[in-house]
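Trainee: what's the 3D shape of this:
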Amino acid sequence: MSLTVCSCLRRFEYSKAPAESDIDEMTMHSGGRHRPEELAKLASMTKFTKKEIKLIYRGFKQECPTGMVDEDSFKHIFSQFFPQGDATNYAHYVFNTMKQTQSGKISFEDFLSILSRVSRGTTQDKIQWVFALYDLDGDGVITKAEMTDVVTSIYEMLGRATTPLVQDSSAKDHVDRIFHLIDSDQDGCVSMEELSRWCRRDDRLLQSFDTLDTVL
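Mentor: Below you'll find the predicted structure:
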């Protein structure tokens with residue numbers, strides 16, 4: 001699921017790297033547009049170089065001229081990647097993991113911070129992000145209902161692109177098969193520690209986390 005997120009977020013990077021004369025665009029501020037933090041500060045806060053940040057910012061600005069992304073715009077970006085399905089619910093869940101304030105919008109700094117964790121962070125950083133995605137109410141545990149909701153949203157997003165075609169019960173059946181394996185103490189909830197242990201036991205899953213460092 002995190003691979004899906006990373007491929008969508010890469011839409012913001014499709015522009016060519018800016019020329020040196022374009023560097024000042026990150027420090028310009030006009031009208032009511034959001035002004036990102038200075039380049040050096042962003043580089044110190046993330047795992048990206050200054051050159052990489054300029055590249056990401058160029059693409060981000062093309063998609064979000066105001067410098068801020070609301071949830072509707074975020075859903076629209078996701079929908080372009082999955083035209084055969086409905087990405088609405090999954091995009092909503094991902095948006096909530098990125099939103100750092102109560103404004104209901106994502107700034108470039110928010111976007112860059114999450115992208116840095118998902119693509120360049122440690123394995124534990126990535127597992128923590130996945131946990132936040134599934135912990136819908138933010139209470140520190142993942143319930144079976146929450147996992148079912150997120151998995152259902154993934155199937156909805158993939159739509160007719162899945163092979164074989166998914167049935168209405170596919171998400172529930174999938175969660176029924178794996179939830180009890182992750183919930184090692186069988187208390188009906190998955191903790192951060194349980195998810196981390198389960199992920200680290202699966203070499204293929206760990207390798208998929210490693211492939212997330214393909215952003216640029």
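Trainee: just checking, residue 140 is part of a helix?
Mentor: No - counting by DSSP: H, G, I helix; E, B strand; the rest coil, residue 140 falls outside a helix, being coil.
Trainee: give the contact list for it.
Mentor: 191, 192 (C-beta atoms under 8 Å, 6 or more residues apart in numbering). Where C-beta positions appear, they are placed from N, C-alpha and C, glycine not excepted.
Trainee: how many other residues sit next to the nearest residue to residue 47 once chain neighbours are set aside?
Mentor: Spatially, and ignoring its direct neighbours in sequence, residue 47 is nearest to residue 120 (3.6 Å; C-beta to C-beta, 6 or more residues apart in numbering). For residue 120, the number of neighbouring residues by other C-beta atoms under 10 Å comes to 17.
Trainee: Equivalent analysis for residue 183, please.
Mentor: 21.
Trainee: returning to that earlier point: surely the residue nearest to residue 47 meets residue 48?
Mentor: Yes - counting by C-beta atoms under 8 Å, residue 48 is a contact partner of residue 120 at 7.0 Å.
Trainee: count of residues packed around the residue lying closest to residue 172 once chain neighbours are set aside?
Mentor: Leaving aside its chain neighbours, residue 172 sits nearest to residue 148 (5.8 Å; criterion: C-beta to C-beta, 6+ apart). Neighbours of residue 148 under the rule other C-beta under 10 Å: 17.
Trainee: Next: the one 4 residues further on.
Mentor: Residues lying near residue 152 (other C-beta under 10 Å) number 19.
Trainee: Now do the phi/psi pair for it.
Mentor: Torsion angles at residue 152 (phi, psi; degrees, to the nearest 10) stand at phi -60, psi -40.
Trainee: quick one: it and residue 132, what's the gap?
Mentor: 18 Å (C-beta to C-beta, to the nearest Å).
Trainee: Please apply the same query to residue 55.
Mentor: From residue 55 across to residue 132, the span is 26 Å (C-beta to C-beta).
Trainee: quick one: contacts for residue 152?
Mentor: Contacts of residue 152 by C-beta under 8 Å, 6+ apart are 89, 171, 172.
Trainee: next one: residue 195
Mentor: 127, 130, 131, 142, 182.
Trainee: make it 6 Å
Mentor: Counting by C-beta atoms under 6 Å, 6 or more residues apart in numbering, residue 195 touches residue 131.
Trainee: Remind me which helix or strand it belongs to.
Mentor: helix 192-200 (DSSP states H and E).
Trainee: From the chain's centroid, how far away is that helix?
Mentor: On the basis of C-alpha atoms, centre = their mean, to the nearest Å, helix 192-200 sits 19 Å off its chain's mean C-alpha point.
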